[in-house]
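>>> Got a predicted structure plus its sequence, pasted below:
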Amino acid sequence: MSTNKKGALRISGDKLVLLAAIAVVFTLFTILNKNFFSVTNMINILIAASLVGLVAIGHTYLIIAGQNDLSPGSLAAFSGVMAALLVGKGFSFGLAVLLTIACGIMIGCFNAFMVNRIHLEAFIATLVTQSIVRGFAYIICGGKPISISSRSFLILGKARIANIPLSVWIMVLCIVIFGIILARTKFGRSVYAIGGSMDAARLAGLNPKRIITTCYIMMGILCSIGGIIFAARMNSGQPAANVNLEFDAITAVILGGVSFVGGVGDMGGTILGIILIQAFNTGLTMVNVPTFWQYVAKGGLLLFALTTDYIRKQRREKELLAASMKNL
């Protein structure tokens with residue numbers, strides 16, 4: 001979104017298409033199940049979107065920077081188990097949260113180390129992390145969910161402000177903070193710069209390795225927070241939780257207009273993508289689509305997101321070529 005010379009809000013064509021897609025999804029599932037558009041279900045969609053939303057924020061930064069991360073689902077599960085285990089061992093809830101987030105930061109640094117120092121492709125590096133972290137999630141709890149009895153911990157998943165769950169407010173706060181950082185700060189501009197061309201960014205005096213490390217650390221923090229909130233909602237830390245979480249987040253980000261090749265996108269588009277993917281997932285469940293067919297539908301949606309990203313990329317290249325021809 002942007003403003004014209006008179007200051008009026010102008011919505012880009014891509015976002016208009018996305019808004020239309022959201023309207024179609026809401027209309028379709030409301031026709032199929034009249035309870036879909038109820039206030040209760042809208043709140044349920046927001047609750048379910050809170051975890052995907054936190055991960056999607058991190059993916060927005062990483063994908064704009066030309067990176068990716070396949071480990072958020074495993075890290076969220078590990079974080080929920082870790083926090084539940086620490087509280088069960090007698091640690092205060094606040095200290096358990098800090099230690100869990102510290103683990104998320106270390107995992108983010110590990111991802112950045114593999115990308116920056118070992119020069120592994122981000123997909124391969126984070127696939128390694130995905131397997132290792134999920135394994136540790138099972139190891140530290142013996143493969144069994146850890147029940148949570150701490151009232152302070154459970155309040156995180158149950159508390160409401162203005163009838164909206166605390167988890168949703170946390171997601172909204174993170175979207176606002178990270179959205180402002182991305183759009184209004186030097187660091188945000190640096191993320192776009194290295195995604196557009198890492199060599200050009202380096203020649204301009206930027207430090208791509210440091211920026212990439214920061215983005216992975218941010219992802220680690222967001223995943224840890226999301227995993228802790230999810231555990232509070234479920235009343236337990238579950239090592240098997242959040243499988244394929246990263247794919248929902250990536251789909252939301254690409255649908256929102258972030259280019260898979262980096263350098264393009266914004267947090268506003270990611271918000272719309274989060275709404276679309278979660279409404280789609282919830283709708284499939286409410287109309288009793290079999291689980292296996294839900295996988296097919298989600299895969300189709302990801303294919304659609306990647307196809308639209310390719311079309312946008314081709315259009316941008318044509319516009320750049322036309323602009324360069326005019327300057328000759």
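Perfect, I can see it now. Numbering: from 1, shown residues only.

>>> what number of residues lie near the residue nearest to V52 when sequence neighbours are not counted?
Distances taken as CB to CB, 6 or more residues apart in numbering put D248 closest to V52, at 5.0 Å, once the chain neighbours are dropped. In short, each C-beta sits where N, CA and C put it, glycine included. By the criterion of other CB atoms under 10 Å, D248 has 27 neighbours.

>>> got it, and the one 3 residues further on?
T251 is surrounded by 27 other residues when neighbours are defined as other CB under 10 Å.

>>> what does the one 10 residues further on give?
Close neighbours of V261, defined as other CB under 10 Å, add up to 13.

>>> ok, now which ones touch N235?
Residues near N235 by CB atoms under 8 Å, 6 or more residues apart in numbering: S147, I148, L154, G157.

>>> which residues are in contact with the one helix or strand the third one maps to?
Read it as L154. Following DSSP states H and E, one finds L154 within helix 151-158. With CB under 8 Å, 6+ apart as the test, helix 151-158 has contacts from 83-84, 87, 93-94, 96, 148, 165-167, 228-235.

>>> Okay, strands next: where are they in this structure?
2-3, 9-10, 146-147, 160-161, 164-165, 236-237 (DSSP state E).

>>> if we can go back for a sec, what mean pLDDT does the helix holding L154 have?
Here helix 151-158 scores 90 as its mean pLDDT.

>>> which parts of it are buried?
Buried residues in helix 151-158, defined by neighbour count with 16 or more other CB atoms under 10 Å: F153, L154, L156, G157.

>>> okay, that helix in PDB with CA atoms only?
Extracted C-alpha coordinates of helix 151-158, given in PDB (Å, rounded to 0.1, in the frame of the first residue of the first chain):
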ATOM      1  CA  ARG A 151      -0.800 -20.800  36.500                       C
ATOM      2  CA  SER A 152       1.400 -18.100  35.100                       C
ATOM      3  CA  PHE A 153       2.300 -20.200  32.100                       C
ATOM      4  CA  LEU A 154      -1.300 -21.200  31.400                       C
ATOM      5  CA  ILE A 155      -2.500 -17.600  31.700                       C
ATOM      6  CA  LEU A 156      -0.400 -16.800  28.600                       C
ATOM      7  CA  GLY A 157      -2.600 -19.100  26.600                       C
ATOM      8  CA  LYS A 158      -6.000 -18.300  28.200                       C
END
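
>>> Can you give the distance of it from its chain's centre?
Relative to the centre of its chain, helix 151-158 is centred 23 Å away, using CA atoms, centre = their mean, to the nearest Å.

>>> so P145 touches P239, yeah?
Yes - the pair P145 / P239 is scored as a contact, 7.3 Å apart, by CB atoms under 8 Å.

>>> Looking at the two, which has the bigger crowd around it?
Legend: neighbour count by other CB under 10 Å for P145 and P239, higher for P239 (23 against 18).

>>> now that one: how far from I45?
26 Å (CB to CB, to the nearest Å).

>>> same check, this time on R189
33 Å.

>>> neighbour count winner among these two?
Neighbours were counted for R189 and for I45 using other CB under 10 Å; I45 has more, 20 against 13.

>>> can you count the residues close to R210?
Counted with other CB under 10 Å, the neighbours of R210 add up to 12.

>>> try P290
Going by other CB under 10 Å, the residues that sit close to P290 add up to 9.

>>> Report the buried residues of stretch 267-282.
Residues 267-282 are the ones in stretch 267-282 that count as buried (16+ other CB under 10 Å).

>>> Need the contact partners of that stretch.
Outside stretch 267-282, the residues that reach it (CB under 8 Å, 6+ apart) are 1, 14-15, 18-19, 21-22, 25-26, 29, 36, 41, 44-45, 48-49, 52-53, 56-57, 60, 175, 178-179, 182-183, 248, 251-258, 294, 297-298, 301, 305.

>>> can you do 6 Å?
Residues from elsewhere that reach stretch 267-282 (CB atoms under 6 Å, 6 or more residues apart in numbering): 1, 18, 21-22, 25, 45, 48-49, 53, 56, 60, 179, 182, 248, 251-253, 255-257.

>>> ok, of those, which come out buried?
Among the contacts of stretch 267-282, those classed as buried by 16+ other CB under 10 Å are 18, 21-22, 25, 45, 48-49, 53, 56, 60, 179, 182, 248, 251-253, 255-257.

>>> In helices, which of these fall?
18, 21-22, 25, 45, 48-49, 53, 56, 60, 179, 182, 248, 251-253, 255 (DSSP state H).

>>> any weak-confidence spans in this protein?
For the chain, the stretches with pLDDT under 70 are 1-13, 327-328.

>>> contacting residues for the residue nearest the centre of it?
A centroid search over the chain (CA atoms, centre = their mean) returns A56, at 1.4 Å, as the residue closest to the centre. Going by CB under 6 Å, 6+ apart, A56 touches A249, A252, V253, T270, I274.

>>> will you turn those into TSV that also has distance to F136?
Rendered in TSV, the data for the contacts of A56 read as follows (distance: CB to CB, whole Å):
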residue	distance to F136
A249	21
A252	27
V253	26
T270	29
I274	28
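
>>> what's the spacing between the closest residue in space to Q67 that isn't next to it in sequence and I311?
Sequence neighbours aside, A122 is the residue nearest to Q67 in space, at 4.7 Å (criterion: CB to CB, 6+ apart). Relative to I311, A122 is positioned 23 Å away (CB to CB).
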